[in-house]
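Engineer: model the following, please.
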Amino acid sequence: MIPIKNVVLLGANGTMGAGSGEVFAAGGCDVVFLARTVDKAHEGLVTAQNMAKSARIADRISVGTYEDDLEEAVSKADLIFEALAEDIELKKQFFTRVDKCRRADSIVATVSSGLSIAEMAHGRSETFRRNFLGIHLFNPPSVIVGTEVIPHTGTDPKLTKEIVALLESRFGRIAIVTDDKPAFAGNRVGFKVLNEVAQLAEKHGVAFMDYLIGPYTGRAMSPLSTVDLVGWDVHKAIVDNVHVNTKDEAHDMFALPAYMDELISRGHLGNKTPQHGGFYRRVKEGNQTINLVLDPKTGGYKDSRDAGAAKLPFVEKIRDLHRVGRYADAMKMFTTAEGAEADLARKVVFGYVSYGLNRVGDREVVRSPRDVDRIMGFGFNWAPPTVLVDVIGLKETIKALEQYSLPVPKVLQQAKPGERLFTEPHVNVGRFFAA
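Structural biologist: Purely as a prediction, here's the structure:
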């Protein structure tokens, strides 16, 4: 096992930085939180305490600044963990500093959600490149255990295997290895769906799309609420990166809607900007809080009581069946429900199954369907693609994919009738429909 005792955290005042630091401290590491100022680093410490629900996590955390403490802290570190803003030039600037003062055997990792690992390693020393990789934790890492490990071509293969083992055995992660491709596996698949729903919201409305592709389809949160939680700026960075640097069967689904681009320029970033909001916004009127919903066509907001989606009988019946554990019956109703709304819901959900399982292959993002299942199930808290196939049925799934002109993944073409495709042990699939 790799002996990691001392960890340096760059970007400690961000939510992901603080959360990552909490994971390492809870796993028995001594962690130095670094930020621009001591006050900012201390903010990260407080966030880590809140995530851990314990003030004692601070026993393993110290704070400092980039200007005064980076060189000394990095020189003593077994792991330097970078959690700065998703800006590749900013990250490379810090890696230049790190490379000058790190030990030759220290590990350097980035928590980037989809930028090129190879590009970040370019120009660094040979020992840096060999010991550098991505460790993409999902937010908040104190709760969500799915993790991607992303080596580049120069990463020591032995290190990759040891990091996966370490993350799982010591830090309680469910880890997969992905290729160094834009957005990796989880965000590549997940943000395709999120952005597709954002595109559809311009025509059909925000509340309607969040209801139509809501938790009953096998996800912890509705899609547009998820984008608000993640942050519109992060969403834009991910989908723009994929749209520019890939060209697969869902290329158009990664085009950021123009209304989102306009609102981002005006400061609408979701939950992190409560004064502006995102898809949703709350305002105070006297002692009352009013929930507002974005109208993508105008860029304005409407009272949610006026903009709410009318309930659809097939959705309500499916939700009732999920509540009593009748998942196969629920999804049979999903595949057979009539009407334009049901048709639209199926196109999005089966698009997710198709796109996710088509990211498996020798030249794709991951090698095994289990990798996609694990990161979507335990990183996004969505029903993994093969769970949906198992519950719906192989024959019915292929029929639906063909109906909507969606590519049928090889894993489904090669599957045997009655074969269970979701292979994760000790997992009740009901957890993915519990919401």
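Engineer: show me the helices in the stretch 151-300 of the chain, by range?
Structural biologist: Taking DSSP state H, counting those that start in this stretch as the criterion, the stretch 151-300 of the chain contains helices spanning 157-169, 186-204, 206-212, 223-230, 232-245, 258-265.
Engineer: and those as CSV, adding distance to Asn139?
Structural biologist: All C-beta spots, glycine's among them, are computed from the backbone N, C-alpha and C. Below are these laid out as CSV (distance: least, C-beta to C-beta, whole Å):
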stretch, distance to Asn139
helix 157-169, 16
helix 186-204, 11
helix 206-212, 20
helix 223-230, 7
helix 232-245, 9
helix 258-265, 19
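Engineer: for Tyr404, which of those helices is the nearest?
Structural biologist: helix 186-204 (12.7 Å; C-beta to C-beta).
Engineer: tell me which other helices or strands that closest one touches.
Structural biologist: The criterion is 3 or more C-beta pairs under 8 Å, 6 or more residues apart in numbering; DSSP states H and E, and the helices and strands that helix 186-204 contacts are helix 206-212, helix 223-230, helix 232-245, helix 340-357, helix 369-378.
Engineer: mind listing what's buried in that helix?
Structural biologist: Of the residues in helix 186-204, those buried under the neighbour-count criterion (16 or more other C-beta atoms under 10 Å) are 186-202, 204.
Engineer: who touches the closest residue to Val408 other than its chain neighbours in this structure?
Structural biologist: Nearest residue to Val408, sequence neighbours excluded (C-beta to C-beta, 6 or more residues apart in numbering): Leu401, at 5.0 Å. Leu401 makes contact with 350, 353-354, 407-408, 412 under the criterion C-beta atoms under 8 Å, 6 or more residues apart in numbering.
Engineer: for those, give me a markdown table that also has pLDDT and distance to Tyr301.
Structural biologist: Written out in a markdown table, the entries for these read as follows (pLDDT from 0 to 100; distance: C-beta to C-beta, whole Å):
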| residue | pLDDT | distance to Tyr301 |
| --- | --- | --- |
| Phe350 | 98 | 32 |
| Val353 | 98 | 34 |
| Ser354 | 98 | 34 |
| Pro407 | 98 | 38 |
| Val408 | 98 | 41 |
| Leu412 | 98 | 42 |
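Engineer: reformat the residues you listed as JSON lines; add distance to Asp210 and neighbour count.
Structural biologist: As requested, those are exported to JSON lines (distance: C-beta to C-beta, whole Å; neighbours: other C-beta atoms under 10 Å):
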{"residue": "Phe350", "distance to Asp210": "19", "neighbour count": "25"}
{"residue": "Val353", "distance to Asp210": "20", "neighbour count": "24"}
{"residue": "Ser354", "distance to Asp210": "22", "neighbour count": "23"}
{"residue": "Pro407", "distance to Asp210": "27", "neighbour count": "15"}
{"residue": "Val408", "distance to Asp210": "29", "neighbour count": "17"}
{"residue": "Leu412", "distance to Asp210": "29", "neighbour count": "21"}
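Engineer: quick one: contacts of the helix or strand of the chain with the lowest mean pLDDT?
Structural biologist: The weakest-scoring helix or strand in the chain, judged by mean pLDDT, DSSP states H and E, is helix 304-307 (a mean of 77). For helix 304-307, the surrounding residues in contact (C-beta under 8 Å, 6+ apart) are 205-207, 280, 290-293, 295.
Engineer: rerun at 7 Å
Structural biologist: Applying C-beta atoms under 7 Å, 6 or more residues apart in numbering, the set of residues contacting helix 304-307 from outside is 205, 207, 291-293.
Engineer: same thing with stretch 230-248?
Structural biologist: Residues outside stretch 230-248 that contact it (C-beta under 7 Å, 6+ apart) are 86, 113-115, 182-183, 187-188, 191, 194-195, 227, 251, 254-256, 260, 264, 268-270, 272, 278.
Engineer: tell me where the model's unsure across the stretch 201-350 of the chain.
Structural biologist: Flagging of the stretch 201-350 of the chain using pLDDT under 70 yields the residue ranges 307-309.
Engineer: just to revisit the earlier point, how about the helix or strand the residue nearest to Val408 falls within: buried residues?
Structural biologist: Leu401 is located in helix 394-403, with elements delineated by DSSP states H and E. Across helix 394-403, burial judged by 16+ other C-beta under 10 Å covers 394, 397-398, 400-401.
Engineer: equivalent analysis for stretch 234-249, please.
Structural biologist: Of the residues in stretch 234-249, those buried by neighbour count under the rule 16+ other C-beta under 10 Å are 234-239, 241-243.
Engineer: from those residues, which is closest to Asp371?
Structural biologist: Of all the buried residues of stretch 234-249, the one sitting nearest Asp371 is Val242; the distance, using C-beta to C-beta, is 18.0 Å.
Engineer: thinking again about what came up before, can you list the buried residues of stretch 234-249 in a markdown table and add distance to Ile4?
Structural biologist: Listed next are the buried residues of stretch 234-249 as a markdown table, based on distance: C-beta to C-beta, whole Å:
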| residue | distance to Ile4 |
| --- | --- |
| Val234 | 28 |
| His235 | 32 |
| Lys236 | 34 |
| Ala237 | 29 |
| Ile238 | 29 |
| Val239 | 34 |
| Asn241 | 29 |
| Val242 | 32 |
| His243 | 36 |
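Engineer: any of the contacts of stretch 230-248 buried? List them.
Structural biologist: Buried residues within these, defined by neighbour count using 16+ other C-beta under 10 Å: 86, 113-115, 182-183, 187-188, 191, 194-195, 227, 254, 256, 260, 264, 268-270, 278.
Engineer: just to revisit the earlier point, nearest to Gly430, of the buried residues of helix 394-403?
Structural biologist: If you rank the buried residues of helix 394-403 by distance to Gly430 using C-beta to C-beta, Thr397 comes first, at 19.3 Å.
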